[in-house]
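Visitor: With the sequence up front, the predicted model follows.
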Amino acid sequence: MVGTQLAARDFFRAAYDNRYTWDAAFPGYTADVTFTHNGQIYQGQSKITADLKLEVTGIADESAQKMVHGQLFEVSIHRVRREFEASHGNNTFSYGKTLEDGAVEILMGGKAEGDRYEIKNNEVSMVHRHIHGVVVTIHTFSSHDTGAGYLSHRYDSVYHDPKTGEQKGGLSNFEDEYTEVGGYYILSRRAIETATEGGTDSQEFVFSNIALLEA
């Protein structure tokens with residue numbers, strides 16, 4: 001696709017702004033959590049406050065507690081509404097190739113040199129970015145339309161060494177389900193299947209009795 005840097009920026013920005021995020025009035029919530037890891041079941045409680053502080057209680061096993069906390073952290077950082085300029089103001093944008101499925105590649109320059117994205121139907125369908133000394137590649141296969149932005153439903157992710165290209169760890173497949181509570185979409189289930197040398201690592205996080213906190 002031929003286009004100017006400005007056109008590529010606007011094209012990417014439209015998809016960026018189309019992501020579902022919580023608004024400034026988000027009060028936080030509590031939920032019961034059931035975490036199943038390779039057949040072992042852990043149960044406890046979770047809480048995300050209005051300023052996105054996280055709490056996981058009732059799970060005695062430290063590594064299980066950290067896994068639940070880690071998923072809640074991932075959820076919360078992706079629901080924060082960050083203005084486009086704050087995230088991408090120091091980046092440049094150009095069009096790459098158009099794929100057979102209609103997705104359009106966006107190549108990044110400036111501060112995000114080497115990162116690239118694919119945009120399809122006004123959604124980010126692929127992310128390839130350098131973060132914390134590794135390269136993460138995420139392909140999204142389906143999404144939820146909330147009416148106020150999209151949420152990924154089925155996707156995978158894999159990490160590579162940025163210098164050698166060597167894969168680090170196995171490919172992980174994700175499936176997310178959401179529940180609407182008081183006008184906000186809250187993660188109610190996340191299943192993760194990760195390929196390992198010995199087979200598959202299976203994790204499932206189920207959040208129930210979701211209740212918004214008092215504003």
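Guide: Now that the structure is in, tell me what you want to look at.

Visitor: C-alpha from now on. contacts and neighbour counts both.
Guide: OK.

Visitor: For the chain, which helix extends over the most residues?
Guide: helix 62-79 (DSSP state H).

Visitor: What is the least confident helix or strand in this protein?
Guide: helix 84-88 (a mean of 86; mean pLDDT, DSSP states H and E).

Visitor: which residues sit in contact with the closest residue in space to residue 42 that isn't next to it in sequence?
Guide: Leaving aside its sequence neighbours, residue 42 sits nearest to residue 35 (CA to CA, 6 or more residues apart in numbering; 5.1 Å). Applying CA atoms under 8 Å, 6 or more residues apart in numbering, we find residue 35 in contact with 41-43, 64, 68, 203-206.

Visitor: Next: residue 174.
Guide: With CA under 8 Å, 6+ apart, residue 174 has these contacts: 153-156, 190-193.

Visitor: just checking, it is part of a strand?
Guide: Yes - according to DSSP: H, G, I helix; E, B strand; the rest coil, residue 174 belongs to a strand.

Visitor: What does the pLDDT read for it?
Guide: On pLDDT, residue 174 comes in at 98.

Visitor: distance of it from residue 131?
Guide: As judged by CA to CA, to the nearest Å, residue 174 and residue 131 stand 20 Å apart.

Visitor: What sits closest to the residue nearest the centre of the chain if chain neighbours are left out?
Guide: For the chain, residue 78 is the residue whose C-alpha lies nearest the centre (CA atoms, centre = their mean; 5.6 Å). Take residue 78 and drop its neighbours on the chain: the residue closest to it by CA to CA, 6+ apart is residue 21, 7.3 Å away.
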